[in-house]
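Novice: no sequence on hand, only this structure:
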């Protein structure tokens with residue numbers, strides 16, 4: 001029987017299939033609930049809002065609502081359900097609740113996220129220059145349109161004034177993705193891939209590629225994949241998901257803070273300035289990030305993953 005033993009004892013392929021099905025089912029259910037109850041927030045033309053470039057501040061409550069339920073349905077809820085049934089005797093074991101209590105773990109994570117900024121944007125700049133082969137122009141154009149829509153959505157949400165708006169942006173754009181995506185990709189997919197391959201590196205990079213691909217944003221694929229791999233090593237070396245959640249949270253928070261600063265004119269160059277940093281800053285950033293990763297590895301507890 002399927003549920004007569006913990007999920008961890010089933011073959012990895014079956015675990016993977018069950019997790020994918022669960023994500024699709026809860027994601028579809030929450031999407032249906034969001035769309036069918038959108039009228040509670042106002043008289044919106046949801047179809048045109050979802051297909052067009054978001055520019056109308058009046059649509060912000062709807063965007064918050066849709067994005068929040070999407071994150072819950074696609075990542076948080078299925079991740080918690082799967083993690084609970086991972087082991088009947090140790091529910092939520094993939095979270096590593098008893099690990100990564102060393103404060104140095106989180107200090108090093110924060111320093112890594114800070115010093116890796118030039119490296120991430122250097123890789124981002126390289127990704128921006130990559131083009132698809134001839135004959136793929138329509139796909140490339142659709143990807144560009146999707147990137148523009150995502151950027152416009154973030155800009156619209158961050159441009160909404162008020163303390164409540166800032167709190168909702170923090171919750172929906174920073175906290176929910178950080179927890180939900182790390183739970184699914186590093187907590188569960190990475191564990192399943194490791195069970196299948198018995199190779200930490202293969203599991204880390206496979207889940208990082210999947211993590212980046214699921215965002216459907218080609219022009220940010222490489223830096224997102226590298227960040228995903230970095231978070232994967234934090235999980236393996238600490239035995240806990242929380243350093244990766246913390247790092248993901250800082251990454252999202254710094255990105256939103258930078259966008260907000262650019263909107264306010266405090267940081268006029270924005271991402272364009274960061275992508276034009278001299279090569280030596282990228283190389284220095286890579287060196288410092290590697291040294292901090294090494295220091296993090298040296299803290300590895302005996303009960304690491």
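Specialist: Now that the structure is in, tell me what you want to look at. All values reported here derive from a predicted model rather than from experimental measurement. Numbering: from 1, shown residues only.

Novice: and residue 231, what helix or strand is that in?
Specialist: For residue 231, the element it lies in under DSSP states H and E is helix 221-238.

Novice: how far off centre is that helix?
Specialist: 10 Å (C-alpha atoms, centre = their mean, to the nearest Å).

Novice: tell me the SS of residue 89?
Specialist: Secondary structure assignment for residue 89 (DSSP: H, G, I helix; E, B strand; the rest coil): coil.

Novice: and for residue 301?
Specialist: Assignment for residue 301 (three-state DSSP): coil.

Novice: I'd assumed residue 102 was in contact with it.
Specialist: Yes: counting by C-beta atoms under 8 Å, residue 301 touches residue 102, with 7.4 Å between them. Just so you know, the C-beta spots here come from the backbone N, C-alpha and C atoms, and that holds for glycine as well.

Novice: which residues touch residue 212?
Specialist: 220, 221, 222, 224, 225, 228 (C-beta atoms under 8 Å, 6 or more residues apart in numbering).

Novice: ok, residue 38 next?
Specialist: 44, 46, 62, 65, 66.

Novice: contacts only, for the second one.
Specialist: By that I understand residue 46. So residue 46 contacts 35, 38, 62 (C-beta under 8 Å, 6+ apart).

Novice: what pLDDT does the second one get?
Specialist: Note for residue 38: predicted pLDDT of 87.

Novice: if we can go back for a sec, closest one to residue 292 out of the contacts of residue 38, please.
Specialist: For these, the closest approach to residue 292 (C-beta to C-beta) belongs to residue 66, at 37.1 Å.

Novice: quick check: what element follows the helix or strand where residue 256 lies along the chain?
Specialist: Assigned by DSSP H and E, residue 256 belongs to helix 242-264. Next along the chain after helix 242-264, taking DSSP H and E as the criterion, comes helix 270-274.

Novice: give the rounded mean pLDDT of that following helix.
Specialist: For helix 270-274, mean pLDDT is 73.

Novice: mind listing what's buried in that helix?
Specialist: Buried residues in helix 270-274, counted by 16 or more other C-beta atoms under 10 Å: 271, 274.

Novice: stretch 85-104 too?
Specialist: Applying 16+ other C-beta under 10 Å to stretch 85-104 flags 85, 86, 87, 92, 93, 94, 95, 96, 99, 100 as buried.

Novice: what packs against the helix holding residue 256?
Specialist: Helix 242-264 sits against helix 103-115, helix 137-158, helix 176-182, helix 221-238, helix 270-274, with contacts defined as 3 or more C-beta pairs under 8 Å, 6 or more residues apart in numbering; DSSP states H and E.

Novice: measure how whatever helix or strand comes next after the shortest one sits relative to helix 103-115, angle-wise.
Specialist: Scanning the chain past helix 270-274 towards its C-terminal end, the next helix or strand to appear is helix 279-298 (assignment: DSSP H and E). For helix 279-298 and helix 103-115, the angle between their directions (axes from the mean of the first three to the mean of the last three C-alpha atoms, to 10 degrees) works out to 170 degrees.

Novice: how far away is the residue nearest to the spatial centre of the chain from residue 150?
Specialist: Nearest to the mean C-alpha position of the chain, by C-alpha atoms, centre = their mean, lies residue 181 at 5.0 Å. Distance of residue 181 to residue 150, computed by C-beta to C-beta, to the nearest Å: 15 Å.
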